[in-house]
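> attaching a predicted model along with its sequence, questions to come.
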Amino acid sequence: MATGTDPDLTFEDVDWDAEQEHPLIDRSPVFLAQVVINAVIFGALIWDYFILNNESPTIEGLHYPAIGGDSLIGLGFWELRRPVLQFTTNGIEMTTTFSVWDVTSVEWLLMVVLAFGFFNVVVPLYQNQRMTAYYWRQFKKNKAAVASLVFLIVTFVIGFVGPVFLPPPELSLTEQYLPPMGVTAQPPGYAEPISGTLAHPLGTDHQGQDMLKLVIFGMRVSMQVGLLSMSIAVGIGTLVGTTAAHAGGIVDEVLMRYVDIQSTFPVFLLLLLLIYLYGGSLILIIALYGFFGWEGIARQVRSEALQKNEEAYIQASEAAGASQWWIVRRHIIPNTSSTIITAATLAIPAFILGEATLSFLGFADPEIYSWGQVIAGGRGDLRGAPWISTVPGFFLFFMVLAFNYLGDALRDSIDPRQEQE
Amino acid sequence: MSADAPLLEVRNLKKHYPIQRGIFGGEVGRIRAVDGVSFSVERGETLGLVGESGCGKSTAATTMLRLEEPTDGDVLFDGVDITEYDDRELKRFRRRAQMIFQDPTSSFDPRMSIGESVAEPLRIHGMSDGNRRRAIVKDLLERVGMSGDDIDRYPHEFSGGQKQRIALARALSVNPDLIVADEPASALDVSIQADILQLISDLQEEFGLGVVFISHDLGVIRDIADNVAVMYLGEIVETGPTEQVFDSPQHPYTRALIDSIPSPNPRERGMAVELTGDVPSPANPPSGCRFHTRCPEVIQPEGYDFEQSAWRSVMNFRTKVTTRQIDLDGIREFVIAETDVTDPEDVTHDQMVDAIRSDFDIPDTLSDPEAESVLSDALERVVRDEFDEASASLAEAFETVCATDSPDMVRTEAGHSASCHLHDQSVEVEPGERIAQSDD
Amino acid sequence: MSDDPLLDVRDLKTQFHTDDGTVRAVDGISFDVDRGETVCIVGESGSGKSVTSESITRIIPIPPGEIADGEVIFDGQDLTEMSTDQLRKIRGNRIAHVFQNPQGALNPVYTVGKQIIEAIRIHKDVSKQEAREQTIDLLDRVGIPEAGKRIDDYPYEFSGGMKQRVVIAMALSCQPDLLIADEPTTALDVTIQAQILRLLGDLQDEFGMSIIFVTHDLGVVAEIADRVVVMYAGKVMERGDVYRIFENPAHPYTKALLRCRPGQGSQREAIRGSLPSMIDPPDGCRFAPRCPHAVEDCRDGDQPPMMEAEHPGHEVSCIFYQDGFDSTQLDSGPEGLSASEARTDGGESR
Ligand SMILES: Nc1ncnc2c1ncn2[C@@H]1O[C@H](COP(=O)(O)OP(=O)(O)OP(=O)(O)O)[C@@H](O)[C@H]1O
Ligand code: SF4
Ligand code: SF4
Ligand SMILES: [Mg+2]
């Protein structure tokens, strides 16, 4: 290959016989950065799994890692967290739940997903600023969606950062049933009405845990469930849908018939069975929702991709000699992205609600601060201490609503049909 | 590779699409989209492929580039048969033969900047250095009359004509030898069509490209093509140098096509020969000459003396009888709608016969008494629902070579080739019949 | 019958309010249509032909559309003053539309017969049976063979040309006084186009209706028009008798349009540049940015007023026909900008 770049290079000068010897590698800095970051994340996993944590590398071990055998990332926060742990821990199980930064658990997946989102959503948006500006102009028209976006970003940041720096909610037998700030009530066990204070702005629950902290820790759980299940489901759905559409014929037939079969599968029963066998855990719920929640997405993506498949630019690419994989990756997936992103945004609240429901019913990991569990905990005190159920319920409601608004607005603003105009 | 071989030679190319029914996809028929076409294109030459919609032009284009697998036939590129190519060789061929599409809007990925789109073929064929790609694309954009600064803009920011220029740049990017352009100017406004056509012929001259130019618009073909091939129902019916074909068209279909172009002279209105009916389905093309169901010059049977227009009408009737496409209840209802009769029982056979005659524009009596008696007999049978008998007697009495034998492509007196029995020496044709009858 | 024209459009302005600004799609145009006459509106894509034809019966989407000004006098009544309910009685009854795409005009889930019968019964008080008989008669008249059988077929069972015939039959069902056909043959093959054009001519003779025919194809105009309205960027450039337009085109735009028809070989010439923005149209003559004859005065003020060009009834909006200018200069080769200047395909699109 000719080295150096000649600015006067023209198409007639190219020696295609030499050129065609080169394999197709994309050497953009973004791609390299992506490779490096993913390597680090995978490296952390391997480090954690084989070197630090080789005493308990079982499935259970993923969720009940020994305190000392923590991960690389976890180590970074170790000092910060330690006093907190010492202060609150009264059993080994409690402790393990707090070591949230353990690479081998849900956290590892979350890192992968966030890195993927960064490189495939944030970076392209930054690179194509004019396109981004266009989307933003379209998106801005929908005021409710903008409010939703702000709400979700705030929730996300608090939910992501809060549990790292905040001490987890503490049990306190002296501060049970405190009402939220500015509210005066007579909760169970109190002789006379009391008022909430700034010490616990949203009050406390029946065990004296601070509601604000519960909500913040719950945000994190909801975010994890929503993002991770969605990523798994959307990933599989997109792959299956676009492949089926573009390959057509027997591949399409087999894939879509499988989708039909899976969509009749009683996931809930499977879930109960697994919880019975392995105990309720967050990763189990996430995986189950992810691996059994993609059929609808696959169908939507397929039908959208079928339409795109008819477009002349697909044919143009084919005529230029592109392979099937090239076409799926460079043309079909980007052009079905409005469907994919909308499906993703609408899948998140469904999964969040699903997890909350399971927790409410008591099928989830009892060690995590899921909103569903908190709501369930306040069930008995609806009359005396309604805030225990309603505060997390309120957040749950708004989160789901915000995602729905966002999904609708995204569908409208990134619809390429409008871009043609 | 041989130096004398034409750049592209297509021999007896066929593309049939199976019609499938049932779960196991049993083939119940086939659509003969392209049914044996042959032509060749030299370097630096433009071949115009023209025909009505649905006659198989685009299928011919995609099949000759093996974007779809041909059912039969050979495509020789530089003398080498590309239908035998494996994936690797095919990819190399794809670099040398590029395609341009009708709709400039949908042929660009709306999510790619035009720079990325134009560079895509470069990338596919292994140029991994982004800076080199950019240099080439900028140069190309300038050569097709755009600005190098347009490289980062998106397709929706350009007009149709501009997009078609960019599409040309994309096709040129990998320095091809052949360009197949499928209706590249049809989606553009007439006011800018001429520009794109000019650009195509300039580029062709500059780089010695072979061009296959597909269009339904005879005017455009006349402006750009060196040679033309006229397609009808999957076959080429006439081919030759453009000037010759337009100045002395030898096939009745070509004549009709040229005649249907509205003339820009308001004093010449209504002069066109009208082609009756629609293009038949390629799933079930007519026997003999495929054009015989619409041909205004369809050859008369021996021993009769028709007005040509009456003969055409009788042929239309005969076709419908053979395919049992005459609906007696419908005609009865039609008679009720047109006359005072109200009860279907009261509709007489004569009324039915008259209705059929007027439906097919057949005169009340044919000028040839013998023909008239065959026809009225057949009409009577049809009204009595004896289609098979009617069909048999019509076919026997009014046998025409056009419906029985498919004509060969022959060299005509004008010098170029056409496939029509009028040029068949073995068929006796009276001189007067060759002239198209305009019935007003 | 009175001497008044059947339709008199005066200074019509139609606008669309969009995010980017107000699109002045039709910006003060006037023309009339006599009884039994065919008027062609011709111009390139986006010049406002369709909006004009759709503004007559107000079938443009409102909002974002709006008839901002002007009068549409149909048989003595101003349609712009009418309520939608009153208009509905006229649409499909006295004024019928035929569109470019016959596919869109027919509902795929009903037989064509049912659709035409309904169209008849909306406006006329006839029994189903009578309407059915009329429908068969209509289908026969628009040249659909075996009308009695085809009446019970679904739209997909018809070819494109046959569908357009069905749509025309539907438009004719109430014997309209005015038929507005917006590019009814553009989607069809030339051979089928020839059939439809002849059909329209025959039907006009038979029913005596007036036709407004919108097209960009001058060949079609030559084939059917009595009078021609040449539109550009929302304005009328020239109007007149079809013979005058083709034999003595007065306006530089009309001349350019005639020169860019395909089939003229090397004589064919594109109009360089592209349609100006309809949100912020240029000052002076709208055609000035592309006009080979444009002079300084062309770029000032408003579109030049319609002036008579040699013959009565032949009017043109070009500064060269005003006093103090010499219109014969337009016949000499283009002056001013050289033809190769600037990018031929126009600068900014939208
Ligand atoms: N609903 C609408 N909203 C906004 N702008 C519109 C709308 N309908 C038409 N326009 C604009 O009005 C102008 C005239 O459009 P119109 O459809 O009348 O053109 P035309 O001459 O019929 O073109 P064509 O030959 O392509 O049919 C264009 O700039 C178009 O973008
Ligand atoms: S062979 Fe017969 S039917 Fe065919 S084109 Fe010639 S005259 Fe017409
Ligand atoms: S007014 Fe000027 S710009 Fe407009 S058409 Fe006449 S000469 Fe051309
Ligand atoms: Mg229009």
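Ah, there it is. Numbers count the residues shown, from 1 in each chain, chains lettered A, B, ... in the order given. Ligands and ions are numbered 1, 2, ... in the order given.
> can you give me the distance of the closest residue in space to C:Glu238 that isn't next to it in sequence to ligand 3?
Spatially, and ignoring its direct neighbours in sequence, C:Glu238 is nearest to C:His251 (4.0 Å; CB to CB, 6 or more residues apart in numbering or on different chains). Backbone N, C-alpha and C define where each C-beta goes, glycine included. C:His251 is 6 Å from ligand 3, where distance means CB to the nearest ligand atom, to the nearest Å.
> next, count neighbours for C:His251.
For C:His251, the neighbour count with other CB atoms under 10 Å in any protein chain shown is 27.
> isn't it right up against C:Val228?
No - counting by CB atoms under 8 Å, C:His251 does not reach C:Val228; the two are 11.1 Å apart.
> shared neighbours of the two, anything?
Common neighbours of C:His251 and C:Val228 (criterion: CB atoms under 8 Å, 6 or more residues apart in numbering or on different chains): C:Glu238.
> all the strands of the stretch 151-300 of chain A, residue numbers only.
Remark: strands assigned in the stretch 151-300 of chain A by DSSP state E, counting those that start in this stretch are A:184-185, A:194-195.
> out of those strands, nearest to ligand 1?
Ranking the strands of the stretch 151-300 of chain A by proximity to ligand 1 (CB to the nearest ligand atom) places strand A:184-185 first, at 57.2 Å.
> any idea of the mean pLDDT for that closest one?
Mean pLDDT, strand A:184-185: 76.
> show me the contacts for the residue nearest to C:Val236 when sequence neighbours are not counted.
Excluding the flanking residues, the one nearest C:Val236 by CB to CB, 6+ apart is C:Ile29, at 4.8 Å. If you count contacts by CB under 8 Å, 6+ apart, C:Ile29 has them with C:9, C:11-12, C:48, C:52, C:229, C:231, C:234-236.
> how about B:Ile224?
Contacts for B:Ile224 were tallied using CB under 8 Å, 6+ apart; they are B:46, B:48, B:197, B:200-201, B:213.
> tell me, what residue is most central in chain A?
Centroid check for chain A by CA atoms, centre = their mean gives A:Leu227 as the closest residue, at 1.0 Å.
> which residues does it contact?
When contacts are counted by CB under 8 Å, 6+ apart, A:Leu227 touches A:110, A:113-114, A:348.
> what does A:Ser359 give?
By CB under 8 Å, 6+ apart, A:Ser359 lies in contact with A:370-373, A:376.
> and with 10 Å instead?
Residues in contact with A:Ser359 (CB atoms under 10 Å, 6 or more residues apart in numbering or on different chains) are A:218, A:221, A:225, A:280, A:282, A:285, A:365-366, A:368-377.
> burial of the residue nearest to it when sequence neighbours are not counted, as a residue count?
Distance criterion CB to CB, 6+ apart; nearest residue to A:Ser359, sequence neighbours excluded, is A:Gly372 at 3.0 Å. Neighbourhood size, A:Gly372 [other CB under 10 Å]: 27.
> wait, isn't A:Gly372 in contact with A:Phe360?
Yes - counting by CB atoms under 10 Å, A:Gly372 does reach A:Phe360; the two are 4.1 Å apart.
> can you tell me, leaving aside adjacent residues, what's nearest to residue 201?
Let's take chain A. Counting by CB to CB, 6+ apart, A:Pro201 lies nearest to A:Met181, which is 4.6 Å off, once chain neighbours are set aside.
> wrong one, chain C
Of all residues not flanking C:Gly201 in the chain, C:Ile224 sits nearest, at 6.1 Å (CB to CB, 6+ apart).
> burial measure for that neighbour, as a count.
Look at C:Ile224: counted by other CB under 10 Å, it has 23 neighbours.
> contacting residues for it?
Applying CB under 10 Å, 6+ apart to C:Ile224 gives the contacts B:262, B:266, B:269-270, C:38, C:40, C:181, C:185, C:197-198, C:200-201, C:204, C:211, C:213, C:215, C:242.
> please apply the same query to B:Phe246.
Counting by CB under 10 Å, 6+ apart, B:Phe246 touches B:218-219, B:221-222, B:225, B:228, B:240, B:254, B:258, C:263.
> could you verify that it is part of a helix?
Yes - under DSSP: H, G, I helix; E, B strand; the rest coil, B:Phe246 sits within a helix.
> in helices, which of the contacts of C:Ile29 fall?
Judged by DSSP state H, the contacts of C:Ile29 include C:Thr52 as members of helices.
> keep only those of the contacts of C:Ile29 that are in strands.
Judged by DSSP state E, strands contain the following of the contacts of C:Ile29: C:9, C:11-12, C:229, C:231, C:235-236.
> phi, psi for the residue nearest to C:Glu238 please.
Taking degrees, to the nearest 10, you get phi -90, psi 140 for the backbone angles of C:His251.
> just to revisit the earlier point, which of the contacts of B:Ile224 sits closest to ligand 2?
Relative to ligand 2, the closest of those is B:Gly48; by CB to the nearest ligand atom it sits at 20.3 Å.
> below-threshold pLDDT in the chain: ranges please.
All of this refers to chain A. Low-confidence regions of chain A, defined by pLDDT under 70, span residues A:1-8, A:17-27, A:47-105, A:415-421.
> that answer is for a different chain, and I need it for chain C
C:1-3, C:332-350.
> ok, now chain B?
For chain B, the stretches flagged by pLDDT under 70 are B:1-3, B:21-25, B:271-273, B:425-440.
> quick one: the strands in it?
Using DSSP E, the strands found in chain B span residues B:8-21, B:26-41, B:46-50, B:72-77, B:80-81, B:97-100, B:178-182, B:210-215, B:227-232, B:235-241, B:410-411, B:417-418.
> before we move on, what about the stretch 101-250 of chain C?
With strands called from DSSP E, counting those that start in this stretch, the stretch 101-250 of chain C shows them at C:178-182, C:210-215, C:227-232, C:235-241.
> got a winner among the contacts of B:Ile224 for most neighbours?
Neighbour-wise, the contacts of B:Ile224 (other CB under 10 Å) top out at B:Phe213, 29 neighbours.
> closest residue of the stretch 101-250 of chain A to chain B?
Per CB to the nearest CB, A:Met131 is where the stretch 101-250 of chain A lies closest to chain B, at 6.9 Å.
> spatially, what comes nearest to that residue if we skip its sequence neighbours?
Nearest non-adjacent residue to A:Met131, counting by CB to CB, 6+ apart: B:Tyr154, 6.9 Å away.
> rewinding a little: please report which of the contacts of B:Phe246 has the highest neighbour count.
B:Val228 (29 neighbours).
> B:Val212 is in contact with that one, correct?
No - when contacts are counted by CB under 10 Å, B:Val228 is not listed as touching B:Val212 (11.2 Å).
> which strand or helix spans the residue nearest to A:Ser359?
Assigned by DSSP states H and E, A:Gly372 belongs to helix A:371-377.
> does the next helix or strand after that helix reach chain B?
Using DSSP H and E, the helix or strand that follows helix A:371-377 in sequence is helix A:387-413. No - for helix A:387-413, no contact with chain B is found by CB under 10 Å from any CB of the partner chain; the gap never falls below 14.0 Å.
> and helix A:387-413, what's buried?
A:387-389, A:391-393, A:395-396, A:399-400, A:402-413 (16 or more other CB atoms under 10 Å in any protein chain shown).
> okay, now the domains of the chain?
Going with chain A. Using automatic domain parsing, the domain ranges for chain A come out as A:63-97, A:184-420.
> can you look at chain B instead?
Split into domains by automatic domain parsing, chain B comes to B:8-247, B:308-399.
> could you turn the buried ones of the contacts of A:Ser359 into a PyMOL selection?
To isolate the buried members of the contacts of A:Ser359 in PyMOL, using 16+ other CB under 10 Å:
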select buried, chain A and resi 218+221+225+280+282+285+365+368+369+370+371+372+373+374+375+376+377
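> re the thing from before, what would the domains of chain B look like in JSON lines with distance to B:Pro280?
Formatted as JSON lines, the domains of chain B follow (distance: least, CB to CB, whole Å):
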{"stretch": "domain B:8-247", "distance to B:Pro280": "7"}
{"stretch": "domain B:308-399", "distance to B:Pro280": "9"}
